[in-house]
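Peer 1: sequence and predicted structure below; questions after.
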Amino acid sequence: MIEVVLIRHGQSLWNLENRFTGWTDVDLSENGLIEARKAGKILKEHGYKFDIAYTSVLKRSIRTLWIVLHEMDLMWIPVYKCWKLNERHYGALQGLNKDETAKKYGEKQVHEWRRSVNIAPPPLTKDDSRYSGGDIKYSHLPKNKIPFTESLADTEKRVIEEWNEVIVPNLKDNKKVIISAHGNTLRALVKYLDNMESDGVANLNIPTGTPLIYELDDDLKPIKHYYLSLEGEVPKDEIAKYIE
Ligand SMILES: O=C(O)[C@H](O)COP(=O)(O)O
C-alpha cells in the first residue's frame, strides 16, 4: 500500500475576505497559520514521516508546508516547488469578492465558474496588472504557458502532468510524499485519482489546513481516503464543518 498526504494551504488572507484568489500570491491569515501548525501536530502525533515534499510557487501553500514540516522537525527534507501545482487561475475574477460577484452575475453563473469542469471565468487581458506574464516566478516559462484564465480541466491537465511525471516515480520508489497545494489543485487531483465524473467533482470542496490521506494500491489506484484529525480519521458526516 502506498500512502500520500495531501493538504490544502491554511486559510489565506483572501479566503478570509472571500475573494477569488487563483494565482494572486496572498499569504496566510492568522487562522491559516494556526491551521498549518495544527496540521503538523496532527501528522506528527500519528507518526507520519516524509522523505520529499511538493508544493506550488505561491506563498500560502509554501508557508503551510514550511510550518507543517517545522512542527514535524522535517524542515531538512527536499521540497520541490512547481507552478503546475498553483491554484486554478481565476482570470478576471481574481481579487473580486465572491458575494459581490454573485450579486452582479447571479449565483448560478458564479457557481458555474467555480465548480464546472470545462468552463473558464472571463480571461485577463495582457495589459491587466493581475496578468502573471511579468512575474519573475514564471520568467522561465514560455509565455503560452502563463494563463489568462483556467477551467478546472485546464488545471487538471497541468496538475496531472506533475503528478505522473514527477511525483508518481517517487511514490513508486517508496518515498513518503506530502503535497501542499490549493483547493482546486487538489480537487483536480482527487477527480483524477477517484475517476470522478464532472457532476461529482462539482460538489467536492477541500477544507483548508486539514491533512487528506490517500491510501493507494501498487497501481496507484485509491484504496481509501480520509481526513485526519488529532483523534484520527474524521468521520465523513463531520467533514462539512471543516469546509469554509
Ligand atoms: O482561488 C480561490 O479563490 C480559492 O482558493 C478557491 O476558491 P473556490 O473554492 O471559490 O474555487
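Peer 2: Arrived safely. Just so you know, these numbers come straight off a predicted model, no measurement behind them.
Peer 1: mind showing which ranges of this protein have poor pLDDT?
Peer 2: 244 (pLDDT under 70).
Peer 1: longest helix of this structure?
Peer 2: Taking DSSP state H as the criterion, the chain has its longest helix at helix 30-45.
Peer 1: CA atoms of it as CSV?
Peer 2: Extracted in CSV, the C-alpha atoms of helix 30-45 (Å, rounded to 0.1, in the frame of the first residue of the first chain):
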residue,chain,number,x,y,z
GLU,A,30,-3.5,34.3,11.4
ASN,A,31,-6.1,31.5,11.4
GLY,A,32,-4.3,29.9,8.5
LEU,A,33,-1.0,29.9,10.4
ILE,A,34,-2.8,28.2,13.3
GLU,A,35,-4.3,25.6,10.9
ALA,A,36,-0.9,24.8,9.5
ARG,A,37,0.6,24.4,12.9
LYS,A,38,-2.2,22.1,13.9
ALA,A,39,-1.9,20.0,10.8
GLY,A,40,1.8,19.5,11.6
LYS,A,41,1.0,18.4,15.1
ILE,A,42,-1.7,16.0,13.8
LEU,A,43,0.7,14.4,11.3
LYS,A,44,3.4,14.1,14.0
GLU,A,45,1.0,12.8,16.6
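Peer 1: the following helix or strand past it pairs with which strands, parallel or anti?
Peer 2: Beyond helix 30-45 on the C-terminal side, the first helix or strand identified by DSSP states H and E is strand 52-55. Each strand that pairs with strand 52-55, with its direction, by DSSP bridges: strand 79-81 (parallel), strand 177-181 (parallel).
Peer 1: tell me which helix or strand comes right after strand 52-55.
Peer 2: Assignment by DSSP H and E places the next element after strand 52-55 at helix 59-71.
Peer 1: which secondary structure elements does that next one contact?
Peer 2: strand 2-8, helix 30-45, strand 52-55, strand 79-81, strand 177-181 (3 or more CB pairs under 8 Å, 6 or more residues apart in numbering; DSSP states H and E). For glycine as for every other residue, the C-beta is placed from the backbone atoms N, C-alpha and C.
Peer 1: which parts of stretch 216-233 are buried?
Peer 2: By 16 or more other CB atoms under 10 Å, the buried positions in stretch 216-233 come out as 216, 220, 225, 226, 227, 228, 229.
Peer 1: same check on stretch 187-204?
Peer 2: 187, 188, 189, 190, 191, 192, 193, 196, 201, 202, 204.
Peer 1: quick one, helices of the protein?
Peer 2: 13-16, 30-45, 59-71, 98-105, 107-115, 152-162, 168-172, 183-193, 198-202.
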